[in-house]
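Participant: I'll drop the sequence and a predicted model, then ask my questions.
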Amino acid sequence: MALPRHGRNPDDLLAELAAMQADDVRWRDGRTFGLVYDGGPTVHAVAEAAAAQYLHENALTTIAVPSLARIQREVVDAMADLLHGDRAAGFMTSGGTESIMVAVLGARERCRAERGVERGELLLADSAHAAFHKAAHVLGLDPVVVPVGPDGRADVAATAAAVTERTVLVVASAPGYPHGVIDPVPELAAVAAAAGANCHVDACMGGFVLPFLELDGEEVRPWDLRVPGVTSISLDVHKLGYAPKGASVVLWRDKARRRWQTFSFDDWLGGFYASPNLQGSRSGAPMAAAWAVVQHLGVDGYVALTRRTIDTTRRMIAAVRAVDGLDVIGEPDAHLFAIRTAPGWEDRMDVFAVGDAMAARGWYHDRLHRPDALHLTVSAGNAPVVDAWVDDLAEAAATVLGTRAADRATPYATLE
Ligand SMILES: *Cc1c(COP(=O)(O)O)cnc(C)c1O
């Protein structure tokens, strides 16, 4: 469609946008498990107002916009405090992928400078997020993939055995996306430290859940900056931080490690160029919205949302295990889990057929493979409809018994 010759009326445009959204997933009714995490009406209100206030601002230079420097500092410092990093330093980024990208860059640059590693290796479990493979692709590193152990967690012995003199980064997830389990972070960080490599903990999902679960009195496997050898952590404010998209934090153990992710260039007619992450011009809107949501919720708000999320997740997991022919993969540690066909039911129960039957009832689940599974990221917005989900799941499973879905695709993200 070509650009209209004559500009169009704003009311018509907004009406057209609203009509276009008719087929988009309806996360507001709580029937979507992923993509958008709904913190409730006051969270929306404060995020929308703050984003509108900063919609036009640019964080490219905080000399011109010092308020965005403060916003970034206050979000990062709050996370450093929560994750027990007394000397921690970091930046806001546009999302988990960018946080991971700059953490990988920082590992590559440090190991090139300090250990002379020209082409580094990224050591990771096959559960680690695809963003690490994207980072390796973009940054010219070789991924070395180690299969997870039978419990779905990264296999420490196999990881240690895969270390070479080119290893620049060992990845741990807290929890990993596919099966929602926390890797053995202390052991993986020790492997990294012994190799002189960085250890990145991907807490894109868990960063706004695990600290509050612990504050609410539950035991949580060690994963944060209290673990020696952890050099960087990513946590997404735009996931269970309940801020709108475009906000994540990359946190380093200290400024000395952080400096390897930044870029500066002094030989340009445009002046001295310094950049913390991958963006140039950088919208203030997601930064301000994230700041406002984090400040609005505070510790109490996050503990309450986490409680609701985890209670909902446990209820759902128990319900899956009660359905003949279905099972949950492993022992999920937080708010992510996957539903598979129960062992022995392979020729009668197809979990993708269950997913399609749930979709027909208005529920949106993602799919995994190896094994085929339905994937759920639970958040507080799902709590009000959990009873309906439990009923529909049992009914859907009974209905599709003996059938098989023709479409076996497992899209996580798409091109066009
Ligand atoms: C979502 C996610 C990422 C990637 O984050 P984006 O914000 O989608 O770029 C990385 N790791 C884990 C565990 C995730 O869940």
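Facilitator: Structure received.
Participant: what's the neighbour count on R340?
Facilitator: Counted with other Cβ atoms under 10 Å, the neighbours of R340 add up to 21. For every residue, glycine as well, the C-beta is placed using N, CA and C.
Participant: for G402, same thing?
Facilitator: 9.
Participant: now swap in D366 and tell me
Facilitator: Neighbours around D366, by other Cβ under 10 Å: 20.
Participant: next one: the closest residue to it other than its chain neighbours from V220, what distance?
Facilitator: Spatial nearest neighbour of D366, chain neighbours left out: H375 (4.1 Å); criterion: Cβ to Cβ, 6 or more residues apart in numbering. Distance, H375 to V220, by Cβ to Cβ, to the nearest Å: 22 Å.
Participant: likewise G95?
Facilitator: 24 Å.
Participant: what do you get for L14?
Facilitator: Distance from L14 to V220, by Cβ to Cβ: 45 Å.
Participant: compare neighbour counts for the two and give me the winner.
Facilitator: V220 (19 against 10).
Participant: thought L213 was touching that one, still the case?
Facilitator: Yes: assessed by Cβ atoms under 8 Å, V220 is found in contact with L213 at 5.6 Å.
Participant: tell me the buried residues in stretch 364-373?
Facilitator: 364-368, 372-373 (16 or more other Cβ atoms under 10 Å).
Participant: among those, which are in strands?
Facilitator: Among the buried residues of stretch 364-373, the ones falling in strands (DSSP state E) are 366-368, 373.
Participant: could you pull out the strands for the chain?
Facilitator: Counting by DSSP E, the strands of the chain are 89-93, 121-125, 142-146, 167-173, 198-202, 232-235, 248-252, 263-265, 273-275, 326-328, 336-341, 366-368, 373-377.
Participant: nearest to L105, out of those strands?
Facilitator: strand 263-265 (8.7 Å; Cβ to Cβ).
Participant: gap between that closest one and the chain center?
Facilitator: 28 Å (Cα atoms, centre = their mean, to the nearest Å).
Participant: please list the residues of the chain that sit near the ligand.
Facilitator: 95-97, 100, 129, 131, 173, 177, 202, 204-205, 236, 248 (Cβ under 6 Å from any ligand atom).
Participant: could you check how far the spatially closest residue to D142 that is not a sequence neighbour is from L60?
Facilitator: Spatial nearest neighbour of D142, excluding adjacent residues (Cβ to Cβ, 6+ apart): E121 at 4.9 Å. E121 sits 34 Å away from L60, going by Cβ to Cβ.
Participant: so these two - more neighbours on which side?
Facilitator: More crowded of E121 and L60, by other Cβ under 10 Å: E121, with 22 against 17.
Participant: okay, buried residues for stretch 299-309 please.
Facilitator: Applying 16+ other Cβ under 10 Å to stretch 299-309 flags 301-303, 305-309 as buried.
Participant: next, format those residues as JSON lines and append pLDDT.
Facilitator: Output for the buried residues of stretch 299-309, formatted as JSON lines (pLDDT from 0 to 100):
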{"residue": "G301", "pLDDT": "98"}
{"residue": "Y302", "pLDDT": "98"}
{"residue": "V303", "pLDDT": "98"}
{"residue": "L305", "pLDDT": "98"}
{"residue": "T306", "pLDDT": "98"}
{"residue": "R307", "pLDDT": "98"}
{"residue": "R308", "pLDDT": "98"}
{"residue": "T309", "pLDDT": "98"}
